[in-house]
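Asker: pasting the sequence and the predicted model now:
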Amino acid sequence: MKLAILNLTNGGICGGYKKYLKEILPRLDAHPSIEHILCASPFDLSLFADIDSFRKTEVIGCRPFYMQRLFPGALHVRVKDFSPDVIFVPVARYFRSGDVPVVTMLQNAFPLVSSWQDKIPFPIRARHFMMRIAAREALVSSTRVVAVSEFVRARMVERMGLNNDNIVVIPFGSSATTSKRSVRPLKLPPGYEDEFIFAAGGFEPYRGYDDLIEACCGFLRDRPGCRGVAIAGGCRPQMVWYKKKITKMIVDYGLSGRVVLLGELAPEEMAWCYDKCRVFAMTSKVEIFSMIAAESLAHGCVTVASSAACLPEVYGDTAIYYLPGNTSLLCDGLKKAFCLDASERRSLGERARQRAHNFTWDSCASRTYDLLEETKRARGL
């Protein structure tokens, strides 16, 4: 198989997408039935610095995608010359090259949900609206579509009118299962050794960090033995306003020193926090699939999670759930998690680690290849 992978972003790349590419590309490159891969990306090609270790993958640059179709240009010429059997677009962006079948994946929540978006600035809401239009055009016109959870599959059918038979659910994996070392984050203040709450993920309104801060007002007051809350996550330039909001909440609620923002952590630092925290808090109001949730499973965390889609798909019966946005129930969930005895914590952690085996990158890559091969065969190649 000759495979073209087109990363049609607007020039940037989020942490989750970066993880996905770093895990999937080497596995596809190593697949014995793949002859050659053409990988096009507009973002910093340093992401592929270790490309020399690949045997079959050629990386090229291309123009950024700014919500509109990429009209015929250098990338179209290069893809046509490459003559792929299948084109794989891991982001929901429209691309066509003759009659070559296209498999498209949706990995961004914004085109599917809007219930919480009235709380964000209008220019960002407008951009999300354009993303929904671009995503629908790409998905409706694709030969096959990849959904990363059953929640996403259902929303594609319900809100975008996609044919359910054209959609295949392929969950992401967990990078944590391969982590062999952990390092205490340098930014973590003294005292955060075990009795703390850990939360992680880039600063986005749907993460629900404002709910966590509000819930912790009462929780930390009633639980003086808890050192505090550590939040790890980067911040896109467009989301600086949200991080400032969280920082202001911490000060206004008198939680300075008890809620710390660590910024983006290295994998080994994330591993340390997963392993050492008393409770992991997953407060997202929506997720299409959460790699962070899968990582917390792999580390056997005692987790308090919102019941928002698709977190129950990931956690199953291994988490303590609360209604998204209900800070009182979140506070109760944190109290319940902290009150578990050693035996209950061990049992819950073991169940979490067992469930993590459902989400592996080997399985994700294998199922992705199977779909690409099936799409190729349907074309009669």
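Answerer: Perfect, I can see it now. Every value quoted in this text rests on a predicted model; they were computed, and no experiment measured them.

Asker: quick check: the gap between residue 250 and residue 258.
Answerer: Remark: distance between residue 250 and residue 258 (CB to CB, to the nearest Å) = 8 Å. For glycine as for every other residue, the C-beta is placed from the backbone atoms N, C-alpha and C.

Asker: compare the two and say which is more crowded by neighbours.
Answerer: A direct count of neighbours by other CB atoms under 10 Å for residue 250 and residue 258 places residue 250 higher, at 21 against 18.

Asker: residue contacts, that one?
Answerer: Contact analysis of residue 250 by CB atoms under 8 Å, 6 or more residues apart in numbering lists 213, 256, 259, 261.

Asker: can you give me the helices for the stretch 201-350 of the chain?
Answerer: Applying DSSP state H, counting those that start in this stretch to the stretch 201-350 of the chain gives helices spanning 209-222, 240-252, 267-276, 291-298, 311-315, 327-338, 342-356.

Asker: re earlier: which among the contacts of residue 250 end up buried?
Answerer: 213, 259, 261 (16 or more other CB atoms under 10 Å).

Asker: so residue 323 sits right up against residue 329, yeah?
Answerer: Yes: contact criterion CB atoms under 8 Å: residue 323 and residue 329 qualify, at 5.4 Å.

Asker: who's more crowded, those two?
Answerer: residue 329 (18 against 13).

Asker: what about that one, distance to residue 304?
Answerer: Using CB to CB, we find residue 329 at a distance of 10 Å from residue 304.

Asker: what residues do these two have in common as contacts?
Answerer: Counting by CB under 8 Å, 6+ apart, the shared contacts of residue 329 and residue 304 are residue 322.

Asker: tell me what residue 200 is bridged to.
Answerer: residue 232 (DSSP bridges).

Asker: just use 5 as the starting number from now, easier for me
Answerer: Done: numbering now begins at 5, and the last item shifts to residue 204.

Asker: okay, now it: neighbour count?
Answerer: Using other CB under 10 Å, residue 204 has 24 neighbouring residues.

Asker: show me the contacts for it.
Answerer: Residues near residue 204 by CB under 8 Å, 6+ apart: 235, 236, 237, 269, 274, 277, 296.

Asker: and with 10 Å instead?
Answerer: 211, 234-237, 266, 268-269, 274, 277-278, 281, 284-286, 294, 296-297, 299-300 (CB atoms under 10 Å, 6 or more residues apart in numbering).

Asker: give me the buried entries from those residues.
Answerer: The buried subset of the contacts of residue 204 (16+ other CB under 10 Å) comprises 211, 234-237, 266, 269, 274, 277-278, 281, 284-286, 294, 296-297, 299-300.

Asker: follow-up on the earlier one: joint contacts of residue 254 and residue 262?
Answerer: 220, 233.

Asker: so what sits against both of residue 327 and residue 333?
Answerer: Counting by CB under 10 Å, 6+ apart, the residues touching both residue 327 and residue 333 are 310, 311.

Asker: spell out which residues make up each domain of this structure.
Answerer: 6-176+364-382, 180-360 (automatic domain parsing).

Asker: for residue 94, give its distance to residue 23.
Answerer: Distance, residue 94 to residue 23, using CB to CB: 12 Å.

Asker: quick one: the strands in the chain?
Answerer: Secondary structure of the chain (DSSP state E): strands located at 6-10, 40-45, 61-65, 90-93, 106-109, 148-151, 171-173, 200-204, 232-236, 263-267, 283-286, 307-310, 323-326.

Asker: possible to save these as TSV with mean pLDDT?
Answerer: Shown next, in TSV, are those (pLDDT from 0 to 100):
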stretch	mean pLDDT
strand 6-10	97
strand 40-45	94
strand 61-65	89
strand 90-93	98
strand 106-109	97
strand 148-151	96
strand 171-173	97
strand 200-204	98
strand 232-236	97
strand 263-267	97
strand 283-286	98
strand 307-310	98
strand 323-326	98
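
Asker: among these, which is nearest residue 190?
Answerer: strand 263-267 (9.3 Å; CB to CB).

Asker: got a list of contacts for the closest one?
Answerer: Counting by CB under 10 Å, 6+ apart, 189-193, 196, 200-204, 207, 213, 216-217, 220, 224, 231-239, 247, 250-251, 253-255, 257, 273-274, 277 sit against strand 263-267.

Asker: what is the neighbour count of residue 167?
Answerer: Around residue 167 there are 10 residues (other CB under 10 Å).

Asker: hmm, residue 144 and it touching each other?
Answerer: Yes: shown here, residue 167 and residue 144 form a contact pair, counting by CB atoms under 10 Å, at 9.1 Å.

Asker: now for the two: what residues contact both?
Answerer: Taking CB under 10 Å, 6+ apart as the contact rule, residue 167 and residue 144 both touch residue 160.

Asker: got the angle for the worst-scoring helix or strand of the chain on mean pLDDT vs helix 244-256?
Answerer: Every helix and strand in the chain was compared by mean pLDDT, DSSP states H and E; the lowest is helix 126-144, with a mean of 81. Angle, helix 126-144 to helix 244-256, by axes from the mean of the first three to the mean of the last three CA atoms, to 10 degrees: 130 degrees.

Asker: which residues touch the residue nearest to residue 298 when sequence neighbours are not counted?
Answerer: Sequence neighbours aside, residue 178 is the residue nearest to residue 298 in space, at 3.8 Å (criterion: CB to CB, 6 or more residues apart in numbering). Contact partners of residue 178, counting by CB under 10 Å, 6+ apart, are 23, 27, 295-303, 318, 360-365, 368.
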